[in-house]
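Novice: Take a look and give me a structure for this.
(chains A and B)
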Amino acid sequence: MTELWIAVGIALVALLASMISVEFGVSIAIVEIVLGVVAANFFGLHTAPWVDFIAAFGSIVLTFLAGAEVDVDLLKSEFKGSLLVGGVSFLVPFAAAVLFAYYVAGWSWRASEICGIALSTTSLAVVYAVLVETGLNQRRIGKLLMSATFVTDFGTALALSLLFVKPTTWVILFVAVSALLIWLLPKISPWFFGRYGDRVIEPEIKLVFFLLFLLMALGKLSASHAVLPAFLLGLAASRLYAAHDLERQRLRVVAFAFLTPVFFIRSGMNVSLAALGANLGLLAALFGVKLVAKMGSVLPLARGFVGKDSIFFTLLMSTGLTFGTISSLYGYQAGIIDKAQFSLLVTVVVASAVIPTVIAQRWFTPKAQADEEGDD
Amino acid sequence: MYTKILVALDGSKGAQKALAAAVELGRTFGAELHSLAVEGKLPAYAASIGEVDEAKAEKDAFFERIDREAVAYAAEHGVELHPVKMVGDPADRVVHYAEEGGFDLQVLAARGHSLAHRFHLTGTADKILDHSPCSTLLVR
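Specialist: Sure, this is the predicted structure:
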């Protein structure tokens, strides 16, 4: 298959995914992953180096956007609770999944670390959609959930950047440049946006892309991953984007029209149905490890913070999607995990976006109208 | 015969017919007329907050336009329409709103505005009929 036909195939899958997403009200990301699985396993669509490259950049842009979507004021207002819940929500499932993959499934230590990172995540967007739909984003439970998820996301980004780093001089440059950019971006952006903003040629988006490509290049030189600095760079720009919503919207348009479809479709294309079929027991076990570890660690804390709504809270903290997929794809492209392991992890990640959400919404949704003590 | 009528709106052609029927009934019986537009679910299992925010903004704008057009249509026919907009499961919201508002008739479209919505609204109409607290007129 020539590269151009691969492009035709991916563009068709992206188009179909967006139509299905609109018709059935399901997130575009999940549809893209599922259609990527179908296209690769049943229609022979395969990847090319340029697809892998755009997918990797798409994951970094998604991470930047995730950082830019953090509500810093909300995080500050719930800082202690979110640090505790979000920290535990990352650490315990991470440890449980690493130990399970290493000692029970027999994966290598590095592959087990990827497993731990992929299964420790919480999906901010899945949580946010449920909260907005139920009106709970205005209540304390919603605010704590959101801010705890920011912390868990940070833990994931931190682990992905630090665990695989090789101690070379490039690391010093990577850290120094990352720190400089994170410090500098919020300082120069008001001037840059004022001077060059609101033009169809989009210098603001080009600035962000330049910085992200630079981080990716330095991350590669130091055998690390640009996900942490990209997340922090987004976080540093979050107030700016809150004040320039149109700019954020334009960046999303570029990302969702081209970059993230390639990332999610590429992730789906890596999934081997044959490998999944041969490892159904392990698939169920990994999903169980994530759910049990989240329930065992977050539920006791949630009882103290949100009382009778603790099961709803914990189920939403058990969701995962974007960072789980990013971690898995990084592990696969870096040769840390094989195709079967990647297939298992991405399937568990997608299942964790759907199953805990459905259970939480069906049986445990708190009444939005209730005015409880401590609510705003 | 009817003193307080509720019509469910979703922007479909079917809902326009339901609105026309409700306006006619409201004028005939001199009934108080209310409309309820339920925005429905946001994209499930989203990958970014942006996707959710933009879907919500699109729905807000869409349903605000529907409300404006419905109020104008009713006014043209000499009836005052009281529009309400909610988020959530359409069937649950319509049933609860009709129950809490003490309505004695609700008017629904049998079919929505897209392939998926057709299936969805058929299910919605079924659910509303099953749990309806008052008389229901299903407009085809």
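
Novice: Tell me which residues of the helix or strand harbouring B:A72 come out buried.
Specialist: B:A72 is located in helix B:49-76, with elements delineated by DSSP states H and E. By neighbour count on 16 or more other C-beta atoms under 10 Å in any protein chain shown, the buried set for helix B:49-76 is B:49-56, B:59, B:63, B:66-67, B:70-71, B:74. Just so you know, the C-beta spots here come from the backbone N, C-alpha and C atoms, and that holds for glycine as well.

Novice: What of stretch A:189-207?
Specialist: So stretch A:189-207, judged by 16+ other C-beta under 10 Å, has buried residues A:189, A:193, A:202, A:204-205, A:207.

Novice: Quick check, pLDDT for residue 31.
Specialist: No chain in the question, so chain A it is. A:V31 carries a pLDDT value of 94.

Novice: sorry, should have said chain B
Specialist: 93.

Novice: I'd like to know how many residues surround it.
Specialist: 19 (other C-beta atoms under 10 Å in any protein chain shown).

Novice: What about whatever residue of chain A ends up closest to chain B, how many residues nearby?
Specialist: Residue nearest to chain B within chain A (C-beta to the nearest C-beta): A:A29, separated by 3.4 Å. Neighbour count for A:A29, taken as other C-beta under 10 Å: 33.

Novice: Can you name the residues of the stretch 151-300 of chain A that neighbour chain B?
Specialist: Neighbours of chain B within the stretch 151-300 of chain A, by C-beta under 8 Å from any C-beta of the partner chain: A:248-249, A:252, A:256, A:260, A:264.

Novice: pLDDT and secondary structure added to these, as CSV?
Specialist: Formatted as CSV, those follow (pLDDT from 0 to 100; DSSP: H, G, I helix; E, B strand; the rest coil):
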residue, pLDDT, secondary structure
A:R248, 85, helix
A:Q249, 86, helix
A:R252, 89, helix
A:F256, 91, helix
A:T260, 94, helix
A:F264, 95, helix
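
Novice: Compare the residues you listed and tell me which has the most neighbours.
Specialist: Counting by other C-beta under 10 Å, top hit in those: A:F264 with 33 neighbours.

Novice: can you tell me which residues contact that residue?
Specialist: A:28-29, A:32-33, A:36, A:58, A:325, B:47 (C-beta atoms under 8 Å, 6 or more residues apart in numbering or on different chains).

Novice: Of those, which is the nearest to B:V79?
Specialist: A:I28 (40.9 Å; C-beta to C-beta).

Novice: Run through the residues that contact the closest one.
Specialist: Counting by C-beta under 8 Å, 6+ apart, A:I28 has contacts A:17-18, A:21, A:256, A:261, A:264, B:43, B:47, B:51.

Novice: would you list the residues of the stretch 151-300 of chain A next to chain B in JSON lines and tack on distance to B:P133?
Specialist: Output for these, formatted as JSON lines (distance: C-beta to C-beta, whole Å):
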{"residue": "A:R248", "distance to B:P133": "44"}
{"residue": "A:Q249", "distance to B:P133": "42"}
{"residue": "A:R252", "distance to B:P133": "42"}
{"residue": "A:F256", "distance to B:P133": "42"}
{"residue": "A:T260", "distance to B:P133": "45"}
{"residue": "A:F264", "distance to B:P133": "44"}
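
Novice: Would you confirm that the residue of chain A closest to chain B contacts B:G50?
Specialist: No - between A:A29 and B:G50 there is no contact under C-beta atoms under 8 Å: 11.6 Å.

Novice: related to what we said a few turns ago, excluding chain neighbours, what is closest to the residue of chain A closest to chain B?
Specialist: Spatial nearest neighbour of A:A29, chain neighbours left out: B:A47 (3.4 Å); criterion: C-beta to C-beta, 6 or more residues apart in numbering or on different chains.

Novice: do A:A55 as well
Specialist: A:R266 (3.8 Å).

Novice: What residues sit buried inside the helix or strand hosting the one you found?
Specialist: Assigning secondary structure by DSSP H and E places A:R266 in helix A:260-269. Neighbour counts over helix A:260-269 (16+ other C-beta under 10 Å) mark A:260-269 as buried.

Novice: which stretches of the chain have low pLDDT?
Specialist: Reading this off chain A. A:1, A:367-376 (pLDDT under 70).

Novice: try again with chain B
Specialist: Using pLDDT under 70, chain B drops low at B:111-123.

Novice: What parts of it come near chain A?
Specialist: B:40-52, B:54, B:56, B:87-88, B:114-116.

Novice: Just the buried residues from those, in PyMOL please.
Specialist: In PyMOL syntax, the buried subset of the residues of chain B next to chain A is picked out as below (16+ other C-beta under 10 Å):
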select buried, chain B and resi 40+41+42+43+44+45+46+47+48+49+50+51+52+54+56+87+88
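
Novice: what about A:V177, how many neighbours?
Specialist: Neighbours around A:V177, by other C-beta under 10 Å: 16.

Novice: An error on my part: the question was meant for A:G25.
Specialist: A:G25: 16 neighbours (other C-beta under 10 Å).

Novice: which residues does it contact?
Specialist: B:40-44, B:116.

Novice: Grab the two from the residues you listed that are most spread out in space.
Specialist: Longest span within the contacts of A:G25, C-beta to C-beta: B:L42 and B:A116, 14.6 Å.
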